[in-house]
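Let's see this in three dimensions:
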Amino acid sequence: VQLVESGGGLVQAGGSLRLSCAASGSTASIKIMYWYRQTPGKQRELVARLGSDRFSTYYADSVKGRFAISRDNAKNTLDLQMNSLKPEDTAAYYCSAQWGTYPNFVNSWGQGTQVTVSS
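Next up, the predicted model:
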């Protein structure tokens, strides 16, 4: 599975952005999908997760109520709607997917897209 993110950019605090992750390859075998983010010198942080049932979600406390993860199966995309953005949301955002068949799961990563929130 190959992943390509898009939609990052520069936005003022309080604004919104929608990130998209296009998946290709063995997309039918994708189980769980994730959005992570990372700032220089810090560990990559899990922002949101969409379960294999395609309904169950997890959000980091720092984004709960502001971000929403969703998946379009017809288009093979994973989106992250980000509202009420804060300067502390500035980071490189990465899409990830767990795919394959039990017990041989594989994790793929995109190249990342930069989000910068100005105060």
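
residue ranges with poor pLDDT in the protein?
Regions of the chain meeting the criterion pLDDT under 70 are absent.

got a list of what Gln2 touches?
Residues near Gln2 by C-beta atoms under 8 Å, 6 or more residues apart in numbering: Ala23, Ser24, Gly25, Ser108. Every C-beta, even on glycine, is put in place using the N, C-alpha and C of the backbone.

For it, what are phi and psi?
phi -110, psi 140 (degrees, to the nearest 10).

swap in the one 4 residues further on?
The phi and psi torsions at Ser6 (degrees, to the nearest 10) take the values phi -150, psi 170.

contacting residues for the residue most central in space within the chain?
In the chain, the residue lying closest to the centroid (C-alpha atoms, centre = their mean) is Trp35, at 2.5 Å. By C-beta under 8 Å, 6+ apart, the contact set of Trp35 is 19, 21, 46-49, 69, 78, 80, 93-96.

again, only this time at 7 Å
Trp35 sits next to Val47, Ala48, Ile69, Leu80, Tyr93, Cys95 when contact means C-beta atoms under 7 Å, 6 or more residues apart in numbering.

Between which two of these is the distance greatest?
Ile69 and Tyr93 (11.6 Å; C-beta to C-beta).

Neighbours of Leu15, how many?
To be clear, residue 15 is Gly; Leu isn't right here. Applying other C-beta atoms under 10 Å, we find 14 other residues in the vicinity of Gly15.

where's it relative to Thr113, distance?
Gly15 is 16 Å from Thr113, where distance means C-beta to C-beta, to the nearest Å.

Dump the contacts of Gln2 into TSV; add secondary structure and distance to Thr39 as well.
Below are the contacts of Gln2 laid out as TSV (DSSP: H, G, I helix; E, B strand; the rest coil; distance: C-beta to C-beta, whole Å):
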residue	secondary structure	distance to Thr39
Ala23	strand	25
Ser24	strand	28
Gly25	coil	29
Ser108	strand	22
